[in-house]
Structures are given as structure tokens and as C-alpha cells.
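Undergrad: For reference, the sequence and a predicted model appear below.
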Amino acid sequence: MSGFTRATRAGLLAACAVSLSGCVVGTVVGAVVDVGVEVVKVPFKVGKGIYDVVKDDETPQPKKD
């Protein structure tokens, strides 16, 4: 194998590694953002559940004369 072929392969491998690292960073950042959004949603879901349990669901009965 000539030196040119080795250099070409090494350059191609380096280019692939650099381009894939951007995808990995994007995936990690996306996962962190998704987890952060879900953590923010949890108190609202719990609050809604408590409200549903506590609220008065009974409707007033009409008075009969």
C-alpha cells in the first residue's frame, strides 16, 4: 500500500470521525433537553392530579317544589 493511499484513508477516517461527533453531540443535547422538559412538566401533572381529586364533582340537585 502506498503512502498516498494510507494518507487518503486516514484523512477520510478523520473526516468521518469529526462529522459523527457532531451527530453525537446533537443527540446528547436533544436527550438532555427532552429530560429537562419532562422534569418541568411533572409538577403540573401532579398538581392537576391533586386538583382532580380535591375538586367537588357533585352537581347541585335541583329543588323540587
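TA: Everything's here; your move.
Undergrad: gap between residue 3 and residue 16?
TA: For residue 3, the distance to residue 16 equals 20 Å [CB to CB, to the nearest Å]. Every C-beta, even on glycine, is put in place using the N, C-alpha and C of the backbone.
Undergrad: These two - which one has more neighbours?
TA: The neighbour comparison of residue 3 against residue 16 (other CB atoms under 10 Å) goes to residue 16, with 10 against 7.
Undergrad: so for the host helix or strand of that one, what's the average pLDDT?
TA: Per DSSP states H and E, residue 16 falls inside helix 3-54. Mean pLDDT, computed over helix 3-54, is 84.
Undergrad: Which secondary structure elements does that helix sit against?
TA: For helix 3-54, there is no helix or strand it packs on, judged by 3 or more CB pairs under 8 Å, 6 or more residues apart in numbering; DSSP states H and E.
Undergrad: any idea how far the residue nearest to the spatial centre of the chain lies from residue 9?
TA: Centroid-nearest residue in the chain: residue 34, 1.8 Å away (criterion: CA atoms, centre = their mean). Distance of residue 34 to residue 9, given as CB to CB: 37 Å.
Undergrad: What are the contacting residues of stretch 46-57?
TA: Under the contact criterion CB atoms under 8 Å, 6 or more residues apart in numbering, stretch 46-57 has no outside partners.
Undergrad: Only C-alpha atoms, please: export that stretch in CSV.
TA: Output of stretch 46-57 as CSV, limited to C-alpha atoms (Å, rounded to 0.1, in the frame of the first residue of the first chain):
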residue,chain,number,x,y,z
VAL,A,46,-49.0,16.2,39.9
GLY,A,47,-50.9,19.5,40.6
LYS,A,48,-53.6,18.6,38.1
GLY,A,49,-54.0,15.1,39.7
ILE,A,50,-54.3,16.7,43.1
TYR,A,51,-56.8,19.2,41.8
ASP,A,52,-58.9,16.5,40.2
VAL,A,53,-59.0,14.5,43.5
VAL,A,54,-59.9,17.6,45.6
LYS,A,55,-62.4,19.4,43.4
ASP,A,56,-66.1,18.9,44.1
ASP,A,57,-67.6,16.8,41.2
